[in-house]
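Chemist: I would like to see how this sequence folds:
(chains A and B, ligands or ions: 2)
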Amino acid sequence: MDLRLEKVSHHYGATEVLRDITLDVPSGKIVCIVGPSGCGKSTLLRMLGGLERPDQGQVLQVGAPPAGCLNPLTFIFQDFALLPWRSVRGNVSLVLEDHPLDRAARGAIIDDVLSRTKLAEFGDALPKQLSGGMKQRVAIARALAVNPAVMLMDEPLSALDSQTRELLMDDLVSLWTRAPFGAVYVTHNLAEAVRLGHRIVVLSRRPGQVREVVSIDMPLEDRRNGLAELETQQKILWDMMREEAMAADAELVDV
Amino acid sequence: MSDPARPVPFRGGGFVARQRRGMGLLVFVLLIAFAEWGTRTGFISALTLPRPSDVLLTFKELYDTGMLFKHLIPSLTRLVVGASIGAGLGIALGVLIALFSLVRAGLVPLVAAIFPIPKIALLPLFVIWFGIDEASKYALIAFGTFTPTVVATYAAVDNVDRTLIRMGQSFGLSWQSIVRKIVLPGAMPGILSGLRISLTIAIILLVAAEMLGAEFGIGAYILQAGSLYDLERLFAGVVILSVLGVLVSAGIAAVERRVLRWRV
Ligand SMILES: Nc1ncnc2c1ncn2[C@@H]1O[C@H](COP(=O)(O)OP(=O)(O)OP(=O)(O)O)[C@@H](O)[C@H]1O
Ligand SMILES: [Mg+2]
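Modeler: Ligands and ions are numbered 1, 2, ... in the order given. Predicted coordinates for the structure are as follows:
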């Protein structure tokens, strides 16, 4: 199942946030969205996931979601959004309970996603007992449990320290290589973008417009931190973003 | 550099609630010991304050004659029935107010209007509506617990983390699931601390209702003692009320420890 944005524009009151955005998210590919802060990345993602309606333009699903998909468009949030009163298993179970699955089937899905995210031993822990990286792995497990067609991730790693971020990126890559999923990955970390993106969309400062779309053909599993080719890509992206970021920064001072 | 080394002065203490066992008890014991000492030495005249040991004797007599339970049981029944009705309806309405803007717009002003009415003033009205027996007492206690519970509940629901609700919606959970599994547990801390206040109000109203018309009950007992200026019995009654208050508070603390284990 593909996702398509057609001529999407949006205002919050008098502020124009997004202008005329047209974008394709092909199935099984990771699309990274980068852009200066406040340019409307989170807003765009909420629209892709049906949590917000654009003023103009439309968000389209192309094709049917694959069989066995319980929630085609599934979010992973920056602040994890785990229920603090439920255990790790309980948090995963939450998103399955509204579907007609018997106990055994539900238990099997939970066991499967927890072992894929290396959380099998922590099923009974409460969120307050987990480190940030583990909390985000629980959120990833929860997202995997509903077998999404497209994962919508809003800066999923930016609340974590850089070592944990590195580990989780490896985890995401290995999860993707084993079972490719479509994803929209919002970040302002260009290193993450070149590690995870098949396609990188650069947005301009507010109002957000598509400035450039960069494709990286190197397979995800071959990408490493510090690889020359990726460094070059990252530099190109940074040059592109630099002026936008500087202008955005100056704008904030003006206000 | 040969300046003398000094430890960095510590200035990070305080502003943290820590459990200190026995402190509350110690305050009680000291106060009572002071009253006992004062009344024995004549420093406090017997007309001002009864001697704690005499109050204890009165209490023992009350227990021995079986009158204690004769007063306590009707009181507890009224308290449990009235407070359950009031708190139950209050939580239900509070949740409705928080979830539906139409209900909120319609009822918040009404709740604000009835909140400051001293509910005791309405007892005659309740007697006309529900009769002179138990029903009017239940109604008074229920009404008194109802309003603070409503306010505490809708404030608690308003404070539930919106990102959790967004999360629920993004996973396609049904409306009922979101309310039952996200909104209500998230509002639990606020609802429980509201109950602390409304249950205490229930005890106050219980006594008021019993003073205005009951043969048995702690309120009636206190009223009788008061009209005879029998300070020992008056204080025995007051002590029962205080113990009741402490028990309610401890009960809620126990529920909080069980239900809110997840809190950091
Ligand atoms: N619900 C809202 N109501 C009003 N304004 C909003 C709302 N949500 C976002 N905005 C504004 O819209 C603009 C874009 O917000 P958005 O969160 O989408 O940006 P972003 O690109 O995700 O920024 P960041 O990099 O800081 O996460 C910002 O200026 C923000 O203040
Ligand atoms: Mg954002």
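
Chemist: Nearest to chain B: which residue in the stretch 151-255 of chain A?
Modeler: Residue of the stretch 151-255 of chain A nearest chain B, by CB to the nearest CB: A:L152 (8.0 Å). The C-beta positions use only the backbone N, C-alpha and C, and glycine is treated the same way.

Chemist: Doesn't that residue lie inside a strand?
Modeler: Yes. A:L152: assigned to a strand according to DSSP: H, G, I helix; E, B strand; the rest coil.

Chemist: confidence score at it?
Modeler: pLDDT, A:L152: 95.

Chemist: Quick check: which element contains A:S9?
Modeler: strand A:2-12 (DSSP states H and E).

Chemist: And the strands in the stretch 101-250 of chain A?
Modeler: Counting by DSSP state E, counting those that start in this stretch, one finds strands in the stretch 101-250 of chain A at the ranges A:150-154, A:182-186, A:199-203, A:210-215.

Chemist: pLDDT at A:L252, what is it?
Modeler: Here the pLDDT value assigned to A:L252 is 65.

Chemist: so where's the longest helix in the chain?
Modeler: Using chain A. Longest helix of chain A, by residue count under DSSP state H: helix A:228-254.

Chemist: Actually, chain B is the one I wanted.
Modeler: In chain B, assigned by DSSP H, the helix with the most residues is helix B:67-99.

Chemist: near ligand 1, which residues of chain A?
Modeler: A:Y12, A:V17, A:G35, A:S37, A:G38, A:C39, A:G40, A:K41, A:S42, A:T43, A:H188, A:R206 (CB under 6 Å from any ligand atom).

Chemist: correct me, but B:G217 touches B:I73?
Modeler: No. Counting by CB atoms under 8 Å, B:G217 stays clear of B:I73, with 9.1 Å between them.

Chemist: still on that earlier bit, distance from the chain centre to the longest helix of chain A, please.
Modeler: Mean-position distance between helix A:228-254 and its chain equals 21 Å (CA atoms, centre = their mean, to the nearest Å).

Chemist: Next, the angle strand A:210-215 makes with it.
Modeler: 170 degrees (axes from the mean of the first three to the mean of the last three CA atoms, to 10 degrees).

Chemist: helices or strands up against helix A:228-254?
Modeler: helix A:190-196, strand A:199-203, strand A:210-215 (3 or more CB pairs under 8 Å, 6 or more residues apart in numbering or on different chains; DSSP states H and E).

Chemist: Which positions within that helix qualify as buried?
Modeler: Residues of helix A:228-254 classed as buried: A:L230, A:Q233, A:Q234, A:I236, A:L237, A:M240, A:M241, A:E244, A:A245, A:A248 (neighbour count, 16 or more other CB atoms under 10 Å in any protein chain shown).

Chemist: The fourth one: what's it in contact with?
Modeler: Residues counted as contacts of A:I236 (CB atoms under 8 Å, 6 or more residues apart in numbering or on different chains) are A:V214.

Chemist: mind checking how far it is from ligand 1?
Modeler: For A:I236, the distance to ligand 1 equals 21 Å [CB to the nearest ligand atom, to the nearest Å].

Chemist: Next: the third one.
Modeler: Relative to ligand 1, A:Q234 is positioned 18 Å away (criterion: CB to the nearest ligand atom).

Chemist: Surely that residue touches A:V194?
Modeler: Yes. If you go by CB under 8 Å, A:Q234 and A:V194 touch, sitting 5.0 Å apart.

Chemist: Spit out the contact partners of residue 79.
Modeler: Answering for chain A, as no chain was given. Contact analysis of A:D79 by CB under 8 Å, 6+ apart lists A:A159, B:T163.

Chemist: Please refer instead to chain B.
Modeler: Counting by CB under 8 Å, 6+ apart, B:L79 makes contact with B:I141, B:A202, B:I203, B:L206, B:L244.

Chemist: What about the first one, how many residues nearby?
Modeler: As a burial measure, the neighbour count of B:I141 was computed by other CB atoms under 10 Å in any protein chain shown and equals 28.

Chemist: Quick check: chain neighbours aside, which residue is closest to it?
Modeler: B:G82 (2.7 Å; CB to CB, 6 or more residues apart in numbering or on different chains).

Chemist: Equivalent analysis for the second one, please.
Modeler: With CB to CB, 6+ apart as the criterion, B:A202 has its nearest non-adjacent residue at 4.2 Å, and that residue is B:A83.

Chemist: circling back to that earlier point, sort out for me which of the residues of chain A next to ligand 1 are in strands.
Modeler: When the residues of chain A next to ligand 1 are checked against strands (DSSP state E), the matches are A:Y12, A:V17.

Chemist: Among the residues of chain A next to ligand 1, name the buried ones.
Modeler: A:V17, A:G35, A:G38, A:C39, A:G40, A:K41, A:S42, A:T43, A:H188, A:R206.

Chemist: so how far is chain B from the third one?
Modeler: Using CB to the nearest CB, to the nearest Å, A:G38 is found at 19 Å from chain B.

Chemist: Could you double-check that that residue lies in contact with A:A247?
Modeler: No. The pair A:G38 / A:A247 is not scored as a contact, 11.7 Å apart, by CB under 8 Å.

Chemist: list the residues that contact both of those two?
Modeler: Taking CB under 8 Å, 6+ apart as the criterion, A:G38 and A:A247 both touch A:R205.

Chemist: distance of B:T39 from B:R6?
Modeler: Distance of B:T39 to B:R6, given as CB to CB, to the nearest Å: 54 Å.

Chemist: Those two: who's more crowded?
Modeler: Each of B:T39 and B:R6 has its neighbours counted (other CB under 10 Å); B:T39 has more, 19 against 6.

Chemist: tell me the contacts of the residue nearest to the more buried one when sequence neighbours are not counted?
Modeler: Using CB to CB, 6+ apart and skipping residues adjacent in sequence, the residue nearest B:T39 is B:R51, 4.2 Å away. Taking CB under 8 Å, 6+ apart, we find B:R51 in contact with B:A35, B:E36, B:T39, B:R40.

Chemist: Report the secondary structure state of the second one.
Modeler: In other words, B:E36. helix.

Chemist: returning to that earlier point: can you redo the contacts of B:R51 as JSON lines with pLDDT and distance to ligand 1?
Modeler: Shown next, in JSON lines, are the contacts of B:R51 (pLDDT from 0 to 100; distance: CB to the nearest ligand atom, whole Å):
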{"residue": "B:A35", "pLDDT": "91", "distance to ligand 1": "60"}
{"residue": "B:E36", "pLDDT": "92", "distance to ligand 1": "64"}
{"residue": "B:T39", "pLDDT": "90", "distance to ligand 1": "66"}
{"residue": "B:R40", "pLDDT": "90", "distance to ligand 1": "70"}
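
Chemist: now, which of those residues sits nearest chain A?
Modeler: B:A35 (45.2 Å).
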